[in-house]
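> show me the folded form of this:
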Amino acid sequence: MNIHNSIIIIDELELHLHPPLQQGLLRNRLMDLRNRFEDNYAKLLADINIILTNTSNALDLIQLNREEIWIDVNFRQPHRIDMNVALMGSGTLQIIEVLLSIYERDTSTNIILLDDPDSHIHRILQKRLLNVLQKAPNTQVFITAHNEAMIRDANANWVFHLENQAKREEPYQAIAANLPTKKGLLQSGKSPIISTLNGGNGLDFVNALEADILFLVEGEDDALRMQQLLSLRNTNKKFAFWILRGVDSIFSQIGLLKDVFSNIKNNKTLWQKAVLLFDKDLMTDVHRQLLMEGFEGKMGIK
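Numbers count the residues shown, from 1 in each chain. Next up is the predicted model:
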C-alpha cells in the first residue's frame, strides 16, 4: 500500500525496548524492507556503508536463517568475521533506525523529526549522517540538537536558534541571516547557540582550524557576500573568514599573518588553507596579474 505522506517522530533514539527485543525488531524491519522495497533496501545499504565506512560497498547484510518469528542477520565485512546485528554498537543501531525511517515506507513525502540523534554516535559518523539525511529523497528532516559538534558541522543556512523567551514578534531566520560584525576572525553565527550550551569561547578559531578554506577579505560585506555565493553551491566544504578592514591592512598585515598562520595547523596550516580576496578597484589587468603572481610567489598565498 502506498502512503502518500507521513510524519515520523524519533525521540532520543535510545533503546526504549529491552535490547534483545529492540534488536530483534530492527532485524525484522531490515528483512521486511528487502522483501517489499528492493530498491530502497539497496539505497539504505549504500547509506550505511557511506556513514560507517566512507565507502560504497564494504559492508553487506546477509540473512542466516529464518524461523517463524525470528530473523538472524549479519553484517558481512571484508577480511573480518561476520558480525550479528545484535552485537553492533548502539550508535550503529541508531543510524540504521534513522535510515529505516526514511526508506521503509513507499511515500511521496516524508517529514522526519529527530530529537538529539547524536547519542552514542561518533562525531565523524554524525557528520556523515547529516550529509546522508540532507540528500534523502522526498524527505524533509527537522533535528533538535544540543551537541556542539553537530551544530558546528551543519550549514549555517539550515540552523535556527530557538531562544528561550516568552514572546517573539519577528519570524525565526536561519543564523546565516544575522551574522555579527567583527574585525579579525568573522564570528560564527553559531556562537550564541554554543554559548547557551555552555560551550567554549574558542569556537570561531576551531571553525577556522576545521575549515577547508580560510578567506582573508577586506571587510565584513565581502565575507557575507562570499557566504551567500558559496551557499548556492552544493558542497560539503566548510569556510571561515578573516576580516582585514581595508586594502591597506592587507599590505601592512599580510607578513605578520603569514608568520602566525604558518604555525597553527591540524591537517594543514591555516596559511596553507588561506586565500586572499580583495577588490580590483582601479587596477589594470597588468597590475592585477603582477599582484597575483607576487602574492603567490613571495607569500605562498593564492
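
> against residue 83, how distant is residue 41?
Distance of residue 41 to residue 83, computed by C-beta to C-beta, to the nearest Å: 19 Å. Every residue, glycine included, has its C-beta placed from N, CA and C.

> more neighbours: these two, which one.
When residue 41 and residue 83 are compared for neighbours, residue 41 comes out ahead with 19 against 14, by other C-beta atoms under 10 Å.

> tell me which element the more buried one is part of?
Applying DSSP states H and E as the criterion places residue 41 in helix 38-53.

> for residue 289, same thing?
With DSSP H and E as the criterion, residue 289 is inside helix 285-294.

> just residue 234 next, same as before
Judged by DSSP H and E, residue 234 forms part of no helix or strand.

> what's around it, how many residues?
6.

> show me where pLDDT drops low in the chain?
1-24, 57-59, 61-82, 84-87, 106-107, 118-119, 164-169, 178-204 (pLDDT under 70).

> if we go to 50?
1-3, 13-18, 68-70, 198-201 (pLDDT under 50).

> would you list every one of the strands in it?
Here the chain has its strands, by DSSP state E, at 5-11, 60-66, 71-76, 83-84, 109-115, 139-144, 184-185, 213-217, 239-243, 274-277.

> wait, isn't residue 60 in contact with residue 42?
No. Residue 60 lies out of contact with residue 42 (C-beta atoms under 8 Å); the separation is 10.8 Å.

> and the helices in the stretch 201-302 of the chain?
Per DSSP state H, counting those that start in this stretch, the stretch 201-302 of the chain carries helices over the ranges 203-210, 220-231, 247-261, 285-294.

> dump the C-alpha coordinates for the first one into CSV.
Meaning helix 203-210. The C-alpha trace of helix 203-210 is given here as CSV (Å, rounded to 0.1, in the frame of the first residue of the first chain):
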residue,chain,number,x,y,z
LEU,A,203,34.5,28.1,18.7
ASP,A,204,35.3,30.5,16.0
PHE,A,205,39.0,29.6,16.0
VAL,A,206,38.0,25.9,15.9
ASN,A,207,35.9,26.7,12.9
ALA,A,208,38.9,28.2,11.2
LEU,A,209,41.0,25.2,12.0
GLU,A,210,38.4,22.8,10.7
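
> centre of the chain to that helix, how far?
15 Å (C-alpha atoms, centre = their mean, to the nearest Å).

> helices or strands up against that helix?
Judged by 3 or more C-beta pairs under 8 Å, 6 or more residues apart in numbering; DSSP states H and E, helix 203-210 is in contact with helix 148-153, strand 184-185, helix 191-196, strand 239-243.

> and the first one, how far from the chain's centre?
Distance of helix 148-153 from the chain centroid (C-alpha atoms, centre = their mean) equals 8 Å.

> again, but for the last one
The chain centre lies 18 Å from the centre of strand 239-243; the measure is C-alpha atoms, centre = their mean.

> in JSON lines, list the helices of the stretch 201-302 of the chain along with mean neighbour count and distance to residue 56.
As requested, the helices of the stretch 201-302 of the chain are arranged in JSON lines below (neighbours: other C-beta atoms under 10 Å; distance: least, C-beta to C-beta, whole Å):
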{"stretch": "helix 203-210", "mean neighbour count": "18", "distance to residue 56": "25"}
{"stretch": "helix 220-231", "mean neighbour count": "15", "distance to residue 56": "27"}
{"stretch": "helix 247-261", "mean neighbour count": "14", "distance to residue 56": "36"}
{"stretch": "helix 285-294", "mean neighbour count": "11", "distance to residue 56": "39"}
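
> of those, which is nearest residue 274?
Among the helices of the stretch 201-302 of the chain, helix 247-261 comes nearest to residue 274, with 6.2 Å by C-beta to C-beta.

> and that closest one, how far out from the chain middle?
Helix 247-261 sits 31 Å away from the centroid of its parent chain (C-alpha atoms, centre = their mean).

> same question, stretch 110-120
Chain-centre distance of stretch 110-120: 14 Å, with C-alpha atoms, centre = their mean.

> still on that earlier bit, nearest to residue 36, out of the helices of the stretch 201-302 of the chain?
For those, proximity to residue 36 was assessed by C-beta to C-beta; helix 220-231 is nearest, at 38.0 Å.

> which other helices and strands does that closest one contact?
Counting by 3+ C-beta pairs under 8 Å, 6+ apart, helix 220-231 packs on strand 213-217, strand 239-243.

> may I see those strands arranged in a markdown table, with distance to residue 258 as well?
Below are the helices and strands packed on helix 220-231 laid out as a markdown table (distance: least, C-beta to C-beta, whole Å):
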| stretch | distance to residue 258 |
| --- | --- |
| strand 213-217 | 10 |
| strand 239-243 | 12 |
